[in-house]
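K.L.:
only geometry, no sequence info:
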Ligand SMILES: [Zn+2]
Ligand SMILES: [Zn+2]
């Protein structure tokens, strides 16, 4: 593991900001082998800004990228031994502007969406930039301009990163760095509800799985007026946090059949189900919990093929939606709810580490040490 080094400051650039020459950043060597190195700080290009990263949250997908590679895709291949910096749920301060950028100023606090997409394919043009047809195509010989920081371009386990202005969301002064780093998680939940049609007021919602997206899914659904909001899961401490975030009912599926519980609470089943567990059991539960004409959002990645009761779904006119990430500017809407205090996302932030302690931060997140839910790294510490 390389020695931690503090970044040097280079000469003031033409835009007047202080641009660092080098920075500390973690890079992924072999699977599960991260090294803290000093590397050249990135420079913002057209339609880009340089961000000093003030907080970055660890996500379960980071753990998969670091161990297995996908969905990260660097130079058309696995992300190993390419000086690739993972980390994608970050916020920070704009410290440099690319040519002709006037949409943001040096000093602006911003949080980021992960995917800029290519901006030129059919799905990007529809606002579905998380489902870009040119995913990973951003290297010489196959450069379509795709960016998904922490997946196909360098991410946030570093002191600085470059972001396309389309991925930036302004952070109000009233919001802490830690809370702002959670906006994209809430944005993923919001994207799920957006794709289901978005008209949640007065409708019943079930969230399966009290992970970060599930918990903020509960909060988002409640803030959008859903009633009742039902959370199902097996971990009592997390169900309790779900109740604080707005779940009208938190069902312990080890104590009560969650399908029966939803039928008991809703009569005919839920109008919307957000599956944040992604297992064969949870997908089939979602189908059986939905009422006729109900809509299911599949927000978690199953690790293999799953068998589902498709006949039941078809006979009952149940809609199944797969979503990926945080498209259609959902992150902006999530931040709007958080900025007005409609829910307290900080309830899922449990631990904080400095940049050099990233391996420990990852261990806390992976092994849920000390009840860890969202672990945040502060790269300037
Ligand atoms: Zn994530
Ligand atoms: Zn695209």
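P.N.:
Yep, it's here. All values reported here derive from a predicted model rather than from experimental measurement. Ligands and ions are numbered 1, 2, ... in the order given.

K.L.:
which residues touch the closest residue to residue 241 other than its chain neighbours?
P.N.:
Nearest non-adjacent residue to residue 241, counting by Cβ to Cβ, 6 or more residues apart in numbering: residue 347, 5.4 Å away. Backbone N, C-alpha and C define where each C-beta goes, glycine included. The contact partners of residue 347, taken as Cβ atoms under 8 Å, 6 or more residues apart in numbering, are 215, 241, 244-245.

K.L.:
same check, this time on residue 221
P.N.:
Counted by Cβ under 8 Å, 6+ apart, residue 221 has contacts 189, 193, 200, 205, 207, 229, 246, 272, 274.

K.L.:
Using CSV, lay out those together with neighbour count.
P.N.:
Converted to CSV, these look like this (neighbours: other Cβ atoms under 10 Å):
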residue, neighbour count
189, 28
193, 25
200, 21
205, 28
207, 36
229, 31
246, 20
272, 28
274, 32
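
K.L.:
So which of these are in strands?
P.N.:
Mapping the contacts of residue 221 onto strands (DSSP state E) picks out 205, 207, 229, 272, 274.

K.L.:
right, and out of those residues, which lies closest to ligand 1?
P.N.:
Closest approach between the ones in strands among the contacts of residue 221 and ligand 1, by Cβ to the ion: residue 274, at 15.9 Å.

K.L.:
Phi and psi next, for whichever residue of the stretch 201-350 of the chain sits closest to ligand 2.
P.N.:
Using Cβ to the ion, the closest approach of the stretch 201-350 of the chain to ligand 2 is made by residue 327 at 10.8 Å. Backbone torsions for residue 327, taken as degrees, to the nearest 10, come to phi -70, psi -180.

K.L.:
Pass me the low-pLDDT residue ranges in this structure, would you?
P.N.:
Along the chain, the parts satisfying pLDDT under 70 run over 1-18.

K.L.:
what's the closest of the ones in strands among the contacts of residue 221 to residue 266?
P.N.:
Nearest to residue 266 among those is residue 205, at 9.8 Å by Cβ to Cβ.

K.L.:
Contacts only, for that closest one.
P.N.:
221, 226, 228-230, 270-274.

K.L.:
Go through those and say which is closest to ligand 1.
P.N.:
Nearest member of those to ligand 1, counting by Cβ to the ion, is residue 274, at 15.9 Å.

K.L.:
Now for the nearest residue to residue 154 once chain neighbours are set aside, how many residues are close by?
P.N.:
Computed as Cβ to Cβ, 6+ apart, the closest residue to residue 154 that is not its neighbour in sequence is residue 85, at 4.3 Å. Residues lying near residue 85 (other Cβ atoms under 10 Å) number 24.
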